[in-house]
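>>> could you work out the structure for the sequence below:
(chains A, B and C)
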Amino acid sequence: MRAPQTAPPWMHLAFAALSVAFLAIFSWVLLQESFAEWRTRQAEFLAIERQVKDPHALALAAHVGGIRQIWLRDIDLVDRCTTCHLGTDDPDFQVAKQPFATHSGTWLTTHPPDRFGCTICHGGQGEATNYRDAAHQPVAYWPEPVRPRELIEANCGVCHRERAPAEAFLLAEGRQRIAAAGCVACHDLPGFSPDEIQAPHLSSVGYKVRPDWVRSWLADPKTYLPRARMPNFRLQKQEIEDLNAFLLSQRETAPLDSSGVDWSKADSEHGRILFGEARCLSCHMVDDRGGLLGPDLSRVGSKVRRDWLFSFIKDPMHDQPDTRMLRYRFSDVEIRDVVAYLTTDLVDPEAPENAPAAGYLDPKQVAAGRDTFVKHGCFSCHRFNGLTPTAKIGPSLMAVGNRVVERPEFGSMNVVPTLANWLYLKLRQPDSLAEESRMPTFNFTEPEVASVVVALLSVRKADFPASRVTRAPSSTPYTPQGAFGALVSRYRCLSCHQVGGSGGTLSTVPLDRIGSQLQRSYLVSYLQNPSAVRVSIEERMPFFHMTPQEAATIADYVGAVLVDDSLERPFTADTEAARRGEQLYRRLGCHGCHIIGASGGYVGPDLSDTGHRLEAGWIERWLAAPQTWKPATLQPDYGLKAEDLRDLTAYLMTLTTSARGRNP
Amino acid sequence: MKTPKPPEAGASKESTRRRFLLTTGTTTVVAGVVGFLGATARFLFPNVLYEPPSRFPVGGPDDFPTGSPTFLPNQRLFVFNSDAGFYSISSICTHLGCNVNHVASGGFACPCHGSQFDANGQVIHGPAPRPLAWFGLSLSSRGELVVDQRRIVEPDYRFKV
Amino acid sequence: MTARAYVRQTLETGWRTVFRVGWPRTDKDRSAAMISSFFLHVHSAKVKPNSLRAAYTFGLGLISFYMLLVLTVTGVALMLYYTPSPDAAYRSMKDLQFVVTFGPVLRNMHRWAAHAMVVAVFLHMCRVFFTGGYKLPRQFNWVVGVGLLIMTLGLSFTGYLLPWDQLAFWAITVGSNIAGYAPGVGESAKYLLLGGTVIGSGALLRFYVLHCVILPVAVVTLVAVHFFRVRKDGLSAPPGRAPATTAEAAKGGFPPSARSYGLMALADRPAQPVVESDPDEEVMAWPHLLYRELLLLLAVVVALHVVALLFNAPLEELANPTRTPNPAKAPWYFLGLQELVHYSAFIGGVLVPGLIVLALVLVPYLDPSPRGVGVWFSPERRRANWIFGVFAVVTIVLTLIGTLFRGPNWAWVWPWTG
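Numbers count the residues shown, from 1 in each chain, chains lettered A, B, ... in the order given. Predicted structure coming up:
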């Protein structure tokens, strides 16, 4: 049987049908391409542009067409955001809706897009040309979605590695909080040093604290002190007992002998006055008043033992070599009264009766406590003789911002599995996530966690060239030697003051060139009897009871070493110039802020005794450009001419009346 | 259909139908193939380029001394700072694309095939077919001179800062 | 002669220099058209009815070939926008996804066609086995086919790395480590394949060259041999009225040709096409076979477009050698092996794949009986069908288990609970 010569009819039908299908599907491909999302956006933009611009400006406007991209060759970054975000650099689109609106603020001037692109700051997938894939919302397989407003500062921190970058307030707060919380004790974190952690030395803690306080403190530090720096380790009851025994057994250095003190004669009222005069509140807080540098003393009487406190005030470094507490020249009687004030007036009325700790004599319980101490990594913060951390107890966070989180890590929680959410939950409640966690609970408030999350997200392994990264100037600790060095150590000057970029931040007066700013005689008297030159602020310089000898030693050293040659210039009194200077003083309205004698404003320092206080060269250079010396000062830069500066200085140097009554 | 139908006089219903289907199929397939070729051509044109931008800042106005021109080898152009204002001339010879040199007399000379240009980039002699290109200038928001290579201007162009 | 007539005649002559026969209207012309065309000559002028019966071949060989065609066309297009370096490869993918005109469709089509080709080649092999198509005289073509299957897998595997995303990186890590288990030569083979000890720029460049040059050239060559043998031996068919002399076959020689084609009459006898069936039952390749091939091509192209428009090819994050996804899976066609590796590295990585390849190559020589050719599941070769059927089913089941039923840590999961 021969097969037919021609094809059967169904094949023609199939041919026609398949051909039409082919054309149809191919047209679909073409249509999909020509109605791409970004083309629609660009058409919309052109329509809006015709509305907001007048015809002349329209003719000049750079016409859009096609995909726009910013290519940063040095970091091989491609951003095509401007394909749709077409009005970012055009002020005519202030009120336009997204994606066409003008960029807010002056960010495009400080971070020009041709050098920074978009996603460095904003996150998201810059290569994408449609809304979804650009990761405006979290999408699969793109680790960093567009940063919402509350997280965007994380991206500032990728390049701005200094502790507190200007204008990134949340980031700065988060980093300060990380430093204060001591995260770096357990985790490696770039930009933070374990030296910043302040935790008491525990080698002699058995002499220091009361057993019942240890229990309540370990159970939850916040019950004793709402502002407690130590986090809550969520300890079991048995662990607390063991730790208590272990801690109370730590008795390396006995307190200084106080057996000669007659406590029955103690005068706590006198102690209270001494406490105030010594300006203890500069660093310590009592009933929500005072500084944060030292521990809160509101209920210290329920915490520490009387004889230890006596010893500590007498010589803080006796058993706490790293303390920032300074050593006052109190007599034993004065110390007795201050201790009496602290231990009888500042107590927790709800604290339980002081029960003796039984366990600390039981070596087995002490050993168990030591194990607990090691298990929770207590030695990460608390220096401890015989226990030194070999490696950080927590995972390294050197690239925590690059961490990829996956849904299973959230356990049963129903949240979008982003890194920000993971960090948030981890910090709020470390044991809420799927994995077991030894990390203690810090009891951060919601805004605090938000800032820490931002700061952690900024810790990324970005292979940016060094030219794109800003860092804090590295500072080597300032450690003077000799007699001056001993005084700096004794009075802990650097707990508050900065020298060469290192030191505390409580004081607003850096000491780098103080020898060229203050006259020697003023400095000597100020150190012995500090009083404020500024009416509007509370003097915080402690009253050390420094001897004249010590004050002279400091003044000599300061005058020889902490000087700035550019401030040294000869000065001769000139009444004519002083007269002109006085007129200038009035004309510029200086009295609006400064007091001379009895009249003037309260914003700036009292100038009544400037002639006895300040060096002429300093006055002149200060007035020439205040902000170069102190960027945040309110002192206006009047752009004074050289002769005006001389006249004004001459006038100020004539002011030698003693200022308002000195305290105390 | 077991046996071929004998060819009949006139168009039977079946052969009309067959012709229609074949015509439809062939036409659409041809259209599809033509479309495919067009799409292929479009595909070959890249939509984004990884090239240096044609509009770029070259530095602040103070970076360019008056008198002698400043040659920017990476961007292949000269920037002149004259009393009347700034102007920028391409260093790419219009003959075969070598870099021309600025000569002491004020013109330009191409080292490759000896083309010579006057101070305005006009051809004096040599194989170069066209004068050197002049680029438009503008000032960026940061106060930098910006050269726009897509904006070709006349030789009387001067940009005042 | 008018100018018009001259032009017309010149055009006609010119046309005839290219297409010698013109549009054929008789069987003689149709035969001539087939023989005189470079491209059509790959077919014989007349083919057996089996060639046309969809239920016999399911067009699987042709579908595999069309996939190869589509992959070549899309692959060459993709090469224009691809840079084989770890720094740039992923960016190339993103460019294809977002800014190259028709980039997504091309990439999707290339990806899905690659998978489809693996499936089609495997099914084609099953078809040939179950219809006894590897039997005398087609033994060698079966071996060529096994080579093509391995090369198809190789092409797909080497292409898998090129996007340089997490999926690619870790699939190739797992896949190349399976190769490392081969005793003695495994580590060297892996070192050679990767151009180093880890997957880096050397591996990417090698995979690129293998994927775009070496394997395509090898495949095209083998395909030519494969087609040549089909052209010479014809499609397998049930014994017709003039069956092959079994006595000859038993001696291992080739059966005499039942009849050679008229057009081939002058050719030497051993090179003549061997035809088991009555040529009178054969049909003209033009139009019957060609038309079907055209329809199948259209169907394949349409289907691929639909799939490419509906499903995007996967693209995960940039490859990150420090973060292993859980589970890290090889390309799906190696997941059967990975499942076996899960039990024993040696068995799954070396023994089983080695034995499979060896057994497949030896199939036509282990089963020399010429009976049962040309029909599906011939009862005359029940045992062979059972053995191969079990092999095919086990392969499919293991692959499905590895693909769908294995979750993090290679633990058993039910796909519908994910």
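
>>> show me the helices in chain B, by range?
B:13-44 (DSSP state H).

>>> and if you look at the stretch 551-664 of chain A?
With DSSP state H, counting those that start in this stretch, the ranges of helices along the stretch 551-664 of chain A come out as A:575-588, A:610-613, A:616-624, A:626-629, A:642-653.

>>> for chain B, which of these is the nearest?
helix A:626-629 (22.0 Å; Cβ to the nearest Cβ). All C-beta atoms are positioned from the backbone trio N, CA, C, and that covers glycine.

>>> which residues sit against the host helix or strand of C:L290?
Taking DSSP states H and E as the criterion, C:L290 maps to helix C:290-310. Helix C:290-310 is contacted from outside by A:7, A:11, A:14-15, A:18-19, A:21-22, A:25-26, A:28-29, A:32, B:29, C:40, C:43, C:52, C:59, C:62-63, C:66-67, C:70, C:105, C:108-109, C:112-113, C:116, using Cβ atoms under 8 Å, 6 or more residues apart in numbering or on different chains.

>>> my read is that B:F71 contacts B:S88, right?
No: with contacts counted by Cβ atoms under 8 Å, B:F71 stays clear of B:S88, the gap being 10.9 Å.

>>> against C:L11, how distant is C:R4?
The gap separating C:R4 from C:L11 is 11 Å, by Cβ to Cβ, to the nearest Å.

>>> then C:T2?
The spacing between C:T2 and C:L11, counted by Cβ to Cβ, is 14 Å.

>>> so for the two, which sits in the more crowded spot?
Per other Cβ atoms under 10 Å in any protein chain shown, whichever of C:T2 and C:L11 has more neighbours is C:L11, with 10 against 7.

>>> in helices, which of the contacts of helix C:290-310 appear?
If you go by DSSP H, the contacts of helix C:290-310 have A:11, A:14-15, A:18-19, A:21-22, A:25-26, A:28-29, A:32, B:29, C:52, C:62-63, C:66-67, C:70, C:105, C:108-109, C:112-113, C:116 in helices.

>>> for ChimeraX, write the selection for the buried entries among those residues.
The following ChimeraX line selects those of the ones in helices among the contacts of helix C:290-310 that are buried, judged by 16 or more other Cβ atoms under 10 Å in any protein chain shown:
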select /A:11,14,15,18,19,21,22,25,26,29 /B:29 /C:52,62,63,66,67,70,105,108,109,112,113,116
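
>>> where are the low-confidence patches of the chain?
This is for chain A. For chain A, applying pLDDT under 70 flags the ranges A:1-5, A:59-64, A:351-360, A:385-389, A:472-475, A:532-538, A:658-664.

>>> try chain C instead
In chain C, residues with pLDDT under 70: C:1, C:239-280, C:418.

>>> so which bits of chain B are right by chain A?
By Cβ under 8 Å from any Cβ of the partner chain, the residues of chain B that approach chain A are B:1-4, B:14, B:17-18, B:20-22, B:24-29, B:31-32, B:35-36, B:39, B:47-48, B:50, B:52-53, B:57, B:140-142.

>>> check contacts around residue 15.
All of this refers to chain A. A:F15 touches B:L21, B:L22, B:G25, C:Y291, C:L294, C:L295, C:L298, counting by Cβ under 8 Å, 6+ apart.

>>> let me rephrase: I mean chain C.
Counting by Cβ under 8 Å, 6+ apart, C:W15 has contacts C:G22.

>>> since we're on the closest residue to chain B within the stretch 101-250 of chain A, how many residues are nearby?
Across the stretch 101-250 of chain A, the shortest distance to chain B (Cβ to the nearest Cβ) belongs to A:T109, at 5.9 Å. Residues lying near A:T109 (other Cβ under 10 Å) number 11.

>>> state the distance from it to chain C.
A:T109 sits 29 Å away from chain C, going by Cβ to the nearest Cβ, to the nearest Å.

>>> could you say which helix or strand contains that residue?
Short version: A:T109 belongs to helix A:107-110, going by DSSP H and E.

>>> make CSV out of the helices of the stretch 551-664 of chain A and add distance to chain B and mean neighbour count.
Shown next, in CSV, are those (distance: least, Cβ to the nearest Cβ, whole Å; neighbours: other Cβ atoms under 10 Å in any protein chain shown):
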stretch, distance to chain B, mean neighbour count
helix A:575-588, 32, 15
helix A:610-613, 41, 21
helix A:616-624, 25, 21
helix A:626-629, 22, 14
helix A:642-653, 26, 21
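
>>> can you list the buried residues in the next helix or strand after the helix holding A:T109?
Going down the chain from helix A:107-110, the next helix or strand is helix A:113-116, by DSSP H and E. Buried residues in helix A:113-116, counting neighbours by 16+ other Cβ under 10 Å, are found at A:P113, A:F116.

>>> residues in contact with the residue nearest the centre of chain A?
When chain A is reduced to its mean C-alpha position, the closest residue under Cα atoms, centre = their mean turns out to be A:Q176, at 2.3 Å. Residues in contact with A:Q176 (Cβ under 8 Å, 6+ apart) are A:R163, A:A164.

>>> gap between it and A:T505?
10 Å.

>>> how about the secondary structure of C:V21?
Three-state call for C:V21 (DSSP: H, G, I helix; E, B strand; the rest coil): coil.

>>> contacts only, for it.
Contacts of C:V21 by Cβ under 8 Å, 6+ apart are C:D29, C:A32, C:A33, C:S36.

>>> most neighbours of all those, which one?
Ranking those using other Cβ under 10 Å puts C:A33 first, with 21 neighbours.

>>> near chain B, which residues of chain C are found?
Within chain C, the positions near chain B by Cβ under 8 Å from any Cβ are C:A77, C:L80, C:Y81, C:D95, C:V99, C:V100, C:T101, C:F102, C:G103, C:L106, C:L298.

>>> got the domain ranges for chain B?
By the assignment in automatic domain parsing, chain B contains the domains B:7-50, B:55-152.

>>> from start to finish, how long is stretch A:495-509 in a straight line?
12 Å (Cα to Cα, to the nearest Å).

>>> joint contacts of A:Q176 and A:T505?
Counting by Cβ under 8 Å, 6+ apart, nothing touches both A:Q176 and A:T505.
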